[in-house]
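Colleague: Have a look; sequence and predicted model below, questions after that.
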Amino acid sequence: MSRQPYDKPTILKHATGLANKFGRGPSRKSLERIDGVKVTELIERFGSPLFVFSEHRLRQKYREAYRAFSLRYPKVQFSWSYKTNYLDAVCRIFHQEGAWAEVVSEIEYEMARRLGIPGEHILFNGPYKPEPALRTAIAEGSKLHLDHYEELYTVERLAREAGRVVPVSIRINMDTGIHPRWDRFGFNLDNGEALDAIRRLHAGGHLVLEGIHSHIGTFVLDPEAYGRAAAKMAELALTVRRETGMVVKYLDVGGGFASRSTLHSQYAPGADGSPPIDDYAEAITSALLGAGFPQNEMPTLMLETGRALIDDAGFMVTRVVGNKRLANGTRALIVDAGVNVLFTSFWYRHDVLPVLDRGGMLEETVIYGPLCMNIDVVRPSVLLPPLEAGDALVIRPVGAYNLTQSMQFIRLRPAAILIGENQEVDVVRRAEVLDDLKGPELLPARLAP
Ligand SMILES: *Cc1c(COP(=O)(O)O)cnc(C)c1O
């Protein structure tokens, strides 16, 4: 009889529960309810995974932001950035609160019109607005934000053909001290291109400058960058006034304020690291108030805040489908929500909270989604207690971009529900069925099964 080979036992050192450098142990957090509604009941009724939005948080964030700006500056208008989340229910909530619509494509434009937003209350951004869309926008009086010279010429031609003078705005980009510098959208201010474009549109006689727009980046953690942008935009507006007599009616500082999410590269959690909305408001409004506009020509301050208004209001409810111990000893969980519906996992360390913490040791865990793809990692490392298949988890904040950027890759997309202010629960997007995916396809007869 041959001897069995000796297998060396693996001993894993668990350093969990130790105090960190601030003298605190890891906190154990769980989340049983969202806005008072039990997560396990939501799963029973609507399945898993499930997008959950909180109407209370949406309204609260909007009001907080509006107040921060309107207390400091007399003329403020927010426009909801559709691409951040264009669920009808979400858009309607912001419109009810007073926001206009900010769109970046003809389909978003149509979404806003269908929701009853008049052309004058739509800001039309983006590097490509097809000519039919430009015609509609001009006819309906929407706020066109020109991105490049070809667009300027096209709009000028359409204005000439219509025999009208069309108000337009231009998007500018500039150095605000942050990186990456977004110079691919709009006309550059620092090299004089923006002023040249304005002189050009003025000289043509068919366009008149109504506003100046910029959107300096996204998840911008430095409020002063907006202060610098606002100051430069105001200076440009005053130059235009002096040179051409055109009074710029609004300055639009775009979106990009950081939400309370946490970048993978960030040390402190976003809830501590992201500046409060008041800091952005203070930087922007003091730049405008100090710019030297005559009192009767103060421009309206437009904002296109997206993620900072909605991220916190969105949750992904998911369930554990399997436990694993990887070859190197790491604990892994497989959950039923993958990166196809949690696109922002690539950039952010989302909170992952068990709905029920049964106790037991916290352990570093990697969370994989259900896709048969190596990149499907929801969190590379997070401390979690022991969990069993079937246990529910809540991933947050996921309100911004995840739904609009989601795709049917391998799996269909889940339902989205809205929890109302009185805890009423409504499906605002049903779960997809196979026909939603296969509907547009056509199979040539010769390939029929
Ligand atoms: C995406 C976008 C926004 C919203 O940006 P957030 O980072 O979500 O605040 C606003 N304006 C423009 C032009 C955009 O492209």
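Modeller: Cool, got the structure. Numbering: from 1, shown residues only.
Colleague: What is the neighbour count of the residue of the stretch 301-449 of the chain found nearest the ligand?
Modeller: Relative to the ligand, the nearest point of the stretch 301-449 of the chain is residue 306 (2.4 Å; Cβ to the nearest ligand atom). Heads up, the C-betas are built off the backbone N, CA and C, glycines and all. Residue 306 has 26 neighbours, counted by other Cβ atoms under 10 Å.
Colleague: which ones are touching it?
Modeller: Residues near residue 306 by Cβ atoms under 8 Å, 6 or more residues apart in numbering: 80-81, 83-85, 255-256, 400.
Colleague: same thing with residue 141?
Modeller: Here residue 141 is in contact with 118-120 (Cβ under 8 Å, 6+ apart).
Colleague: Can I have the buried ones of those as a PyMOL selection?
Modeller: Here is the PyMOL command that selects the buried residues among the contacts of residue 141 (16 or more other Cβ atoms under 10 Å):
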select buried, resi 119
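Colleague: how about a markdown table for the contacts of residue 141, with pLDDT, distance to the ligand and secondary structure added?
Modeller: Shown next, in a markdown table, are those (pLDDT from 0 to 100; distance: Cβ to the nearest ligand atom, whole Å; DSSP: H, G, I helix; E, B strand; the rest coil):
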| residue | pLDDT | distance to the ligand | secondary structure |
| --- | --- | --- | --- |
| 118 | 98 | 20 | coil |
| 119 | 98 | 18 | helix |
| 120 | 98 | 18 | helix |
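Colleague: which among the contacts of residue 141 gets closest to residue 448?
Modeller: Closest approach between the contacts of residue 141 and residue 448, by Cβ to Cβ: residue 119, at 46.3 Å.
Colleague: Which neighbouring elements make contact with the longest helix that the chain contains?
Modeller: Determined from DSSP state H, the single longest helix within the chain is helix 223-244. On a contact count with 3 or more Cβ pairs under 8 Å, 6 or more residues apart in numbering; DSSP states H and E, helix 223-244 meets helix 193-204, strand 207-213, strand 250-252, helix 277-289.
Colleague: so which of those comes closest to the ligand?
Modeller: Going by Cβ to the nearest ligand atom, the one of the helices and strands packed on helix 223-244 nearest the ligand is strand 207-213, 7.4 Å.
Colleague: What is the distance between that closest one and the centre of its chain?
Modeller: Taking Cα atoms, centre = their mean, to the nearest Å, the mean C-alpha location of strand 207-213 is offset from the chain mean by 26 Å.
Colleague: quick check: angle from it to helix 193-204?
Modeller: Counting by axes from the mean of the first three to the mean of the last three Cα atoms, to 10 degrees, strand 207-213 points 160 degrees away from the direction of helix 193-204.
Colleague: in strand 207-213, what counts as buried?
Modeller: For strand 207-213, by 16+ other Cβ under 10 Å, it's 207, 209-213.
Colleague: wait, does it contact the ligand?
Modeller: No: using Cβ under 6 Å from any ligand atom, strand 207-213 stays clear of the ligand, with a minimum separation of 7.4 Å.
Colleague: What parts of the stretch 201-350 of the chain come near the ligand?
Modeller: So the stretch 201-350 of the chain meets the ligand at 215, 218, 254-257, 304-308 (Cβ under 6 Å from any ligand atom).
Colleague: ugh, wrong one, the stretch 51-200 of the chain
Modeller: 81, 83-84, 102, 104, 125.
Colleague: Kindly recompute the last result at 8 Å.
Modeller: 81, 83-84, 102, 104, 125-126, 145, 171, 185 (Cβ under 8 Å from any ligand atom).
Colleague: Residues touching stretch 422-432, excluding its own?
Modeller: 35-37, 42, 45-47, 51, 53, 87-90, 403, 408, 412-420.
Colleague: again with stretch 106-124
Modeller: Under Cβ under 8 Å, 6+ apart, the answer for stretch 106-124 is 79, 82-83, 86, 88, 91-92, 95, 100-104, 129-130, 132-133, 136-137, 139-145, 213, 252, 302, 304.
Colleague: Which positions in that stretch come out as buried?
Modeller: Under 16+ other Cβ under 10 Å, the buried positions of stretch 106-124 are 106, 108-109, 111-113, 117, 119, 121-124.
Colleague: from those residues, which is closest to residue 358?
Modeller: When those are compared for distance to residue 358 (Cβ to Cβ), residue 111 wins out at 43.9 Å.
Colleague: Pull up the pairing partners for the helix or strand hosting residue 302, direction included.
Modeller: Element membership for residue 302, per DSSP states H and E: strand 300-303. In the sheet, strand 300-303 lines up against strand 76-81 (parallel), strand 250-252 (parallel) (DSSP bridges).
Colleague: Could you find the closest non-adjacent residue to whichever residue of the stretch 1-150 of the chain sits closest to the ligand?
Modeller: Residue nearest to the ligand within the stretch 1-150 of the chain: residue 81 (3.6 Å; Cβ to the nearest ligand atom). Spatial nearest neighbour of residue 81, excluding adjacent residues (Cβ to Cβ, 6 or more residues apart in numbering): residue 306 at 3.5 Å.
Colleague: what do you get for residue 207?
Modeller: Nearest one to residue 207, counting by Cβ to Cβ, 6+ apart, is residue 201 at 4.2 Å.
Colleague: Now do the contacts for that neighbour.
Modeller: Residue 201 neighbours (Cβ under 8 Å, 6+ apart): 146, 152, 156, 168, 170, 207-209.
Colleague: Please parse the protein into its domains.
Modeller: Domain assignment for the chain, taken from automatic domain parsing, gives 33-52+313-427, 55-311.
Colleague: Could you dump those into a markdown table and include distance to residue 8?
Modeller: Shown next, in a markdown table, are those (distance: least, Cβ to Cβ, whole Å):
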| stretch | distance to residue 8 |
| --- | --- |
| domain 33-52+313-427 | 13 |
| domain 55-311 | 35 |
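Colleague: This completes my enquiry, with thanks.
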